[in-house]
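Colleague: Please find the sequence and the predicted model below.
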Amino acid sequence: MNESILITGANIGLGKETARQFALKKETKKVILFCRNRTRAETAKKDLEQTTGKKIFEIIIGDVTDANSVRKAVEEMKEPVDAVILNAGGVIGKTAARLTPSGMNVQAATNILGNVILVEELIKRDKLKRAVLTVSAEAVPGVKMLGVERVSMKTSSVDEFAAVLNGSYFGSKFDALQAYAYVKYAATMWALSMARKYPQLKFVVVSPGNTKGTQAPDSLPLPMQFMLKFVMMPIVFPLMGEMVHTLEIGAKRFVDAISDERYKSGVFYASKEGKLSGDMVDQSTFFTDLKNTSFQDNANEAIHHFIN
């Protein structure tokens, strides 16, 4: 039973809705909003208290692109938490390819760097009791009917994963959407590696599916934003069946995966093959690279090339 939950990127979108849903569970006694901006975090906290009627929300300030910021945040935590939702991330957009002091580009750092450090620091300090959920994406196994190709690396070696994380894998023509799938693949494989390394903890990977009401489209070029927001989401996807759902359903995937024993450690759960909504299934049943423990460990090692 998870009484305390920490959620990164919790002031908007899926993170905030996940916080709301956990707060409404009878067993939840504390929800920690791990956010970069205090003003936005305070606004989210006030709104969550009003919508849930609960005074169980706390704020921790930390920037997931900054290793020292995350370490400082963990140091300041007085009590352990039962579960962590690694929700912070996104496509990022125009600044995605820019390198951070870690050597990762902004996109990889936002989706991976601080999330990994957060979990590993919590474990090192004996402040994590039960479970970790890593947020992945439907783009990893691909969606053929939409022309989204499955992630396909030549070797999934340490060097190849490292090239994904600093952006050199993509050469001079860096496409943030394409890179996002590969970054999420690296995050997924790290989590699956951690599930074997720490069998006493539950490490589960989940895609929220194609979710309306998030800020994900905002990082896309304007023509793509318009097409997604005003054509695909409201008109095309609903006609296709199991291709889109609400913010509440997307967040419920996270809550269920952490809380329900049906969802097992060391598994990446997302939509059925070719779908973006509906029931969640084990993605390794049709994307077998996910089962390769060497690939998992290579991703883990590559990530640590950027962590001092």
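Modeller: Cool, got the structure.
Colleague: Please make it C-alpha for all contacts and neighbour counts, starting now.
Modeller: OK.
Colleague: Now for V106: which residues touch it?
Modeller: If you count contacts by Cα atoms under 8 Å, 6 or more residues apart in numbering, V106 has them with 65, 92, 95-100.
Colleague: can we see that at 10 Å?
Modeller: By Cα atoms under 10 Å, 6 or more residues apart in numbering, the contact list for V106 reads 65, 89, 91-100, 112-113, 165-167.
Colleague: Next: S265.
Modeller: 131-133, 191-192, 194-196, 199-205, 257-258.
Colleague: quick one: secondary structure of it?
Modeller: coil (DSSP: H, G, I helix; E, B strand; the rest coil).
Colleague: coming back round to it: quick one, which of the contacts of S265 are buried?
Modeller: If you count burial by 16 or more other Cα atoms under 10 Å, the buried members of these come out as 131-133, 191-192, 194-196, 201-205, 257-258.
Colleague: Among the contacts of S265, name the ones in strands.
Modeller: Assignment to strands by DSSP state E places the following of the contacts of S265 there: 131-133, 202-205.
Colleague: okay, those residues in TSV with pLDDT and distance to E3 next?
Modeller: Conversion of the ones in strands among the contacts of S265 to TSV gives the following (pLDDT from 0 to 100; distance: Cα to Cα, whole Å):
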residue	pLDDT	distance to E3
A131	98	11
V132	98	14
L133	98	15
K202	98	15
F203	98	17
V204	98	18
V205	98	20
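Colleague: Helix or strand with the lowest mean pLDDT in this structure?
Modeller: Among the helices and strands of the chain, helix 222-227 carries the lowest confidence by mean pLDDT, DSSP states H and E, at a mean of 57.
Colleague: residues in contact with the residue nearest to N105 when sequence neighbours are not counted?
Modeller: Sequence neighbours aside, L99 is the residue nearest to N105 in space, at 4.0 Å (criterion: Cα to Cα, 6 or more residues apart in numbering). Contact partners of L99, counting by Cα under 10 Å, 6+ apart, are 105-109, 165-167.
Colleague: cutoff 8 Å now
Modeller: Shown in contact with L99 (Cα under 8 Å, 6+ apart): 105-106, 166.
Colleague: Without its sequence neighbours, what residue ends up closest to the residue sitting nearest the centre point of the chain?
Modeller: A centroid search over the chain (Cα atoms, centre = their mean) returns V135, at 2.5 Å, as the residue closest to the centre. Sequence neighbours aside, V206 is the residue nearest to V135 in space, at 5.2 Å (criterion: Cα to Cα, 6+ apart).
Colleague: and the one you found, how many neighbours?
Modeller: Burial of V206, expressed as a neighbour count using other Cα atoms under 10 Å, amounts to 27.
Colleague: before we move on, what about Q50?
Modeller: Q50, neighbours per other Cα under 10 Å, totals 11.
Colleague: Check which element follows the helix or strand hosting it along the chain.
Modeller: Here Q50 is covered by helix 38-52, with elements defined by DSSP states H and E. As assigned by DSSP H and E, the chain's next helix or strand after helix 38-52 is strand 57-61.
Colleague: Parallel or antiparallel, list what pairs with that next one.
Modeller: Strand 57-61 has its sheet partners listed here by DSSP bridges as strand 30-35 (parallel).
Colleague: Please find the angle between the direction vectors of the strand it pairs with and helix 38-52.
Modeller: Relative orientation of strand 30-35 and helix 38-52, computed by axes from the mean of the first three to the mean of the last three Cα atoms, to 10 degrees: 150 degrees.
Colleague: Put the alpha carbons of strand 30-35 into PDB.
Modeller: C-alpha atoms of strand 30-35 as PDB (Å, rounded to 0.1, in the frame of the first residue of the first chain):
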ATOM      1  CA  LYS A  30       1.000  12.500   1.300                       C
ATOM      2  CA  VAL A  31       1.500  13.600  -2.300                       C
ATOM      3  CA  ILE A  32       4.800  15.400  -3.000                       C
ATOM      4  CA  LEU A  33       4.800  17.800  -6.000                       C
ATOM      5  CA  PHE A  34       8.400  17.800  -7.300                       C
ATOM      6  CA  CYS A  35       8.600  20.900  -9.500                       C
END
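Colleague: The closest residue to H305 other than its chain neighbours: how many residues sit nearby?
Modeller: With sequence-adjacent residues excluded and distances taken as Cα to Cα, 6+ apart, H305 is closest to A162, at 7.6 Å. If you count neighbours by other Cα under 10 Å, A162 ends up with 25.
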